[in-house]
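Chemist: here is a sequence with its predicted model. Questions after.
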Amino acid sequence: MAGLFEGLNRLGVAASASKWGGVFYHVVCRRLDTVLIPLTKGRLSMGPPGQTVLITTKGAKSGKSRKASLAFMWRGDDLVVIASKGGAPHHPAWYHNLMADPRLVTQTRAGIEDRVAREALGEERDKLFELMGTTYSNFAAYQERAGDRKIPVIILSPVLG
């Protein structure tokens, strides 16, 4: 069964690297995740099993609660996410929300946690982007499609205290 999930994951990553696959993932799969992840306590998602986080941010302009599902990787206790938006020419809304207010709530298989976001810069950003690209080959295609926009890497750290 694990082989089936790995095969589906590879197929999904390859498909999402295409322009229309990226649009499908962004428009359809991410929206389904806002229901699937809470319903299954993070066990199921449209993204890679166990590697999708549901984030809840506060809208930068509206102040309303906003949800987005994202592929992630662990770095110690931190989650690392990429603000690729499928290689769109502009950053995703959740990125702007976190730049306005870095506090957020995450939900993974590990549970629901309060976290704080910060953007990785310089060498740290480049290393993390490259590392994420070893798991998700579609990020290289997204960066190419994004043109001059350098896709941000965001680190989500647990709130201490």
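Modeler: Everything's here; your move. Residues are numbered from 1 along each chain as shown.
Chemist: surely residue 124 is within a strand?
Modeler: No - Residue 124: not assigned to a strand; according to DSSP: H, G, I helix; E, B strand; the rest coil it is helix.
Chemist: how far away is it from residue 72?
Modeler: Counting by CB to CB, to the nearest Å, the gap between residue 124 and residue 72 amounts to 16 Å. Glycine gets a C-beta too; all of them are placed from N, C-alpha and C.
Chemist: please say which of the two ends up with more neighbours.
Modeler: Ranked by neighbour count (other CB atoms under 10 Å), residue 124 and residue 72 place residue 72 first, with 25 against 12.
Chemist: adjacent strands (with direction) for the lengthiest strand in the chain?
Modeler: Longest strand in the chain, counting residues (DSSP state E): strand 111-120. The strands beside strand 111-120 in its sheet (DSSP bridges) come out as strand 103-108 (antiparallel), strand 153-158 (antiparallel).
Chemist: how about residues contacting it?
Modeler: Contacts to strand 111-120, defined as CB atoms under 8 Å, 6 or more residues apart in numbering, come from residues 41-42, 79-80, 98-99, 102-107, 125, 128, 152-159.
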